[in-house]
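A.B. asks: Give me the fold of what follows.
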Amino acid sequence: MAVAFSLRTQKKKKTVFLFPTLHIQSFTSKNTKAETNANRNPMKILCPPIMKRCLESSDYASLLQACINNRSLLEGKLVHAHIIQAGFECQNMAISNKILSMYAKCGCMENAGNAFDKMPQRDVASWTVIIAGYARQGHADAAMKLFYEMQQAGIQPNQFTFAGVLPACVDAAAVKDVRDEIIRCGFESDVFVGTVLVNRYAKIGNVKDARHVFDRMSERDVVSWNTMVACYAQNGYSDEALQLFHEMRRMGIDLDHFSFASVVSACAKDGVLREVHGVIIKCGFEGNVIVANALVDMYGKCGNMEDAHNVFDKMPQWNAISWTAMIAGYMQNGHANEALKLFWEMPEQNVVSWNAVIAGYAQHGYLDEALEMFQRMPDRDIISWNTIIAGHVQNGYVEEALKLFEAAPERDVVTWNVMIAGYTQNGHIDEAMKLFQKMPRQDVISWNTMIAGYAQIGQIGEALKLFQKMPKRDTVSWNLMIAAYAQNGCIHEIMKLFKEMPERNLISWNTMIAVNIENRNLEEAHKIFQEMPERNSVSWNTMISGYSQNGYVNKALKLFEEMPERDVVSWTEMIAGYAHNGYSDEGLKLFREMQFSGVKPKLETFAIVIPICANLASLEQGKEVHEVIIRSGFKSDVYVGSALVDMYAKCGSIENARNMFDKMQQRDVVSWSAMILGYAMHGCSQEALQLFEKMQQFGTKPDHVTFIGVLSACCHAGLVDKGWECFDSMSSYGIAPTMEHYGCMVDLLGRAGQLYKARDFINDMPLKPDAAVWGCLLGACRIHANIELGERVAKHLFELDPKNAAPYVLLSNMYATVGRWNDISKVRKMMKGRGVKKKPGCSWIEIDKRIYAFVVGEKTSATSGEYS
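C.D. replies: Residues are numbered from 1 along each chain as shown. Below is the predicted model:
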């Protein structure tokens, strides 16, 4: 084959053969040369030019364009050599720009840079090509440097220059510089430049400015809309992405496959995804491979592999992305066998699909299988090596990861960062630093990983040194330092850093709110909350939690009601706020409202609601919550099961408690302890002790809560010797007795009438006895009518807790049993003088799911409300 070109001379058309193995058809003067040659597929050149005849500049331009279109670097170099021989290189700017473009598009930036430096003159196209080339190849600093040099040279950028340089803007400061120049040059409302700018803001997570640019565009095309939707979706603003998509439809924008692919990626909830899927079917895009791939991917991420498979089966054709999305979906949802079956069914496995399988195995801890697949790969790329190394790191096998790291034929900055992260996450900061210092090139992630590593082990000084040495910081760097100071309670340093931050994101603001709440500085937290340029659910939920934890339930409720949109965390935090502050009945009401609103409770919600039912001793409502748990799919969760055992026991139904315990597929120490405590509470001492023996036979090691239940059971049954045996055995399990254990022993001895042994036991305690321990002895003195000892014990209690009415009442009752009315009068005067008031007794009953509370001295009953 030979390259044949028509050359127009004064008399006739001539054909020049330039390269024997590169064929481009000849054409007449009526042909547009660029069009004729643009779609050719040049073969590799195996020999140099065989002729030195000079071509016209337009012919060289067409040859170079063919090389550009086909990314043919070798052929491009040969054309360049012929141009040099012909003397065109530095004489024709159009040819020079084509040479520059050829090298840049082929990714050879060294040659592109040399060609650029040789140019005697440069126009806006020259600068645009070289800047875009460096940006495309990831050389952001070089691209930005050239952009600033271009301005200094007095060359005004055009819309293509801005489109080329924006991908090189890796932080907010760089984007601002370029945007300022865009405004100065009058391109702010240009649809092309505006769309690229929106995309760049999306990449750095600045959604607010992206929307600002979008709103200021004088006209928008479908690409602009798609870019803004994608911006919202990529940064977690799912609701905003969906709203904008619906606005597109209302405005009659002609949707394309990218419109649907962008909005599908925002559908984090299965129900919303189904709704969008319906629109896709209605608009006839279900058969589009890009849209279908997005649906398969998102259904997988939502955990709905059935619908993912349905979409996959209906696709008219599959590509590698289709297969890989299905495989990744199965892997992400723990269906390794299905993923592997599909993988081997692929017509042709590519490196991406191999990597997806390896990543899936590693993600779920199947490292042997991941390593086997890795070793079977016919070809591996850098991502394959990074994936298997990261898999070992994530599962704690740092030494094995290091062996793979050392065996890797090539390493990029990700490889180094993964290995450094492995060391820092496992506390090997010295090894991480050695690796960090060996890196050929460190990026901002490398620095951030090291800062996080030092912060994790409390070496704030070292973290700060690295932070100050960083050549370039991003918002994550600042947030890491704020978090590091927060872990050590350095509130002043945090405030100083926050004020110095050049750019703040939602994480920055939310961290500051959380730090101030943790330090009980609610006013400052509220001030920061009010100053936030935008808020997300985390901002609202953090404030609600802060107010609730500090007793300001009304303020928490006010924020809860003002929230633009509540998620499951918002409801859970508010319910927890009610429970934490003693408003259990309001907590149950809110749980009912949560269900009516269509928000599905999560595990943490039930962890709060079940104890509320237990505190209210509301058996019927507890049963209904149990039914909701079953419908929600949490019935097999060991934590929920243990909480239900505890709830049934506290609601008086020990049979239901045992039934729940027996149905549990798995039991941990909490489950056993809850049942033992339940039996002890109901006076079923033998059952409690038998279950304790069974627990040990099953190999479950008891904890301090278990022994509280066991000692309580001994106490109710009067088993003093057994109680001593259990108390003494605690040390064999590595458990040091707490105040509650000592209280149980005092109660056990006191109930058995061994009052002075109980007193001596208290005096010999290694811990300073609290009011509860002395209270157990005072109660025993009353039972056994030992007034003399009772008076001494009461004196201790008056000193420890002078505002507690219980010891005054107990002492008065002891005096009353022997008719010491004057002493009763003295106790009452003492209470009055100290401002001690006895709380009225309260009891409640549940009738038809309504709770009625009865308070001593009141003539009417109060209801906490109805729950259904």
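
A.B. asks: sec struct for residue 516, please.
C.D. replies: For residue 516, the assignment made with DSSP: H, G, I helix; E, B strand; the rest coil gives helix.

A.B. asks: for it, what are its contacts?
C.D. replies: Counting by C-beta atoms under 8 Å, 6 or more residues apart in numbering, residue 516 makes contact with 491, 522, 524-525, 528. Yep, even glycine has a C-beta here, placed from its N, CA and C like the rest.

A.B. asks: go again using 7 Å as the cut-off
C.D. replies: 524-525, 528 (C-beta atoms under 7 Å, 6 or more residues apart in numbering).

A.B. asks: Could you measure from it over to residue 190?
C.D. replies: Distance of residue 516 to residue 190, computed by C-beta to C-beta, to the nearest Å: 43 Å.

A.B. asks: Listing request: residues of the chain with sub-threshold pLDDT.
C.D. replies: By pLDDT under 70, the low-scoring segments of the chain are 1-54, 89-90, 269-270, 839-868.

A.B. asks: Would you state the strands of the stretch 451-600 of the chain in chain order?
C.D. replies: With strands called from DSSP state E, counting those that start in this stretch, the stretch 451-600 of the chain shows none.

A.B. asks: the helices in it, which residues?
C.D. replies: Here the stretch 451-600 of the chain has its helices, by DSSP state H, counting those that start in this stretch, at 460-469, 475-487, 491-500, 506-518, 522-531, 537-549, 553-562, 568-580, 584-596.

A.B. asks: Counting by contacts, list what the third one packs against.
C.D. replies: Which is helix 491-500. Using 3 or more C-beta pairs under 7 Å, 6 or more residues apart in numbering; DSSP states H and E as the contact test, the elements touching helix 491-500 are helix 475-487, helix 506-518.

A.B. asks: Could you dump the ones you listed into CSV with distance to residue 585 added?
C.D. replies: Output for these, formatted as CSV (distance: least, C-beta to C-beta, whole Å):
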stretch, distance to residue 585
helix 475-487, 36
helix 506-518, 26
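
A.B. asks: out of those, which comes closest to residue 415?
C.D. replies: Nearest to residue 415, of all those, is helix 475-487, at 19.9 Å by C-beta to C-beta.

A.B. asks: follow-up on the earlier one: ok, so of the contacts of residue 516, who is nearest residue 386?
C.D. replies: Nearest to residue 386, judged by C-beta to C-beta, of the contacts of residue 516 is residue 528 at 38.4 Å.

A.B. asks: Excluding residues flanking it in the chain, which one is nearest residue 383?
C.D. replies: residue 355 (5.4 Å; C-beta to C-beta, 6 or more residues apart in numbering).

A.B. asks: got it, and residue 556?
C.D. replies: The nearest residue in space to residue 556 (C-beta to C-beta, 6+ apart) is residue 547, at 3.8 Å.

A.B. asks: From residue 553, how far off is the one you found?
C.D. replies: Counting by C-beta to C-beta, the gap from residue 547 to residue 553 is 7 Å.

A.B. asks: So which of the two has more stuff around it?
C.D. replies: residue 547 (25 against 19; other C-beta atoms under 10 Å).

A.B. asks: Verify the stated contact: the more buried one with residue 554.
C.D. replies: No. At 8.4 Å, residue 547 does not count as touching residue 554 under the criterion of C-beta atoms under 7 Å.

A.B. asks: so what's in contact with the two at the same time?
C.D. replies: With C-beta under 7 Å, 6+ apart as the test, residue 547 and residue 554 reach no residue in common.

A.B. asks: Tell me how far stretch 72-92 lies from the chain's centre.
C.D. replies: 53 Å (C-alpha atoms, centre = their mean, to the nearest Å).

A.B. asks: got the buried residues for it?
C.D. replies: 72-73, 75-80, 82-83, 86, 88-89, 92 (16 or more other C-beta atoms under 10 Å).

A.B. asks: Stretch 279-287 now?
C.D. replies: Applying 16+ other C-beta under 10 Å to stretch 279-287 flags 280, 285-286 as buried.

A.B. asks: I'd like the list of these that fall within helices, please.
C.D. replies: residue 280 (DSSP state H).

A.B. asks: As CSV, the buried residues of stretch 279-287 with distance to residue 804 would be great.
C.D. replies: Shown next, in CSV, are the buried residues of stretch 279-287 (distance: C-beta to C-beta, whole Å):
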residue, distance to residue 804
280, 67
285, 71
286, 71
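
A.B. asks: what number of residues lie near residue 322?
C.D. replies: 20.

A.B. asks: Remind me which helix or strand it belongs to.
C.D. replies: For residue 322, the element it lies in under DSSP states H and E is helix 320-332.
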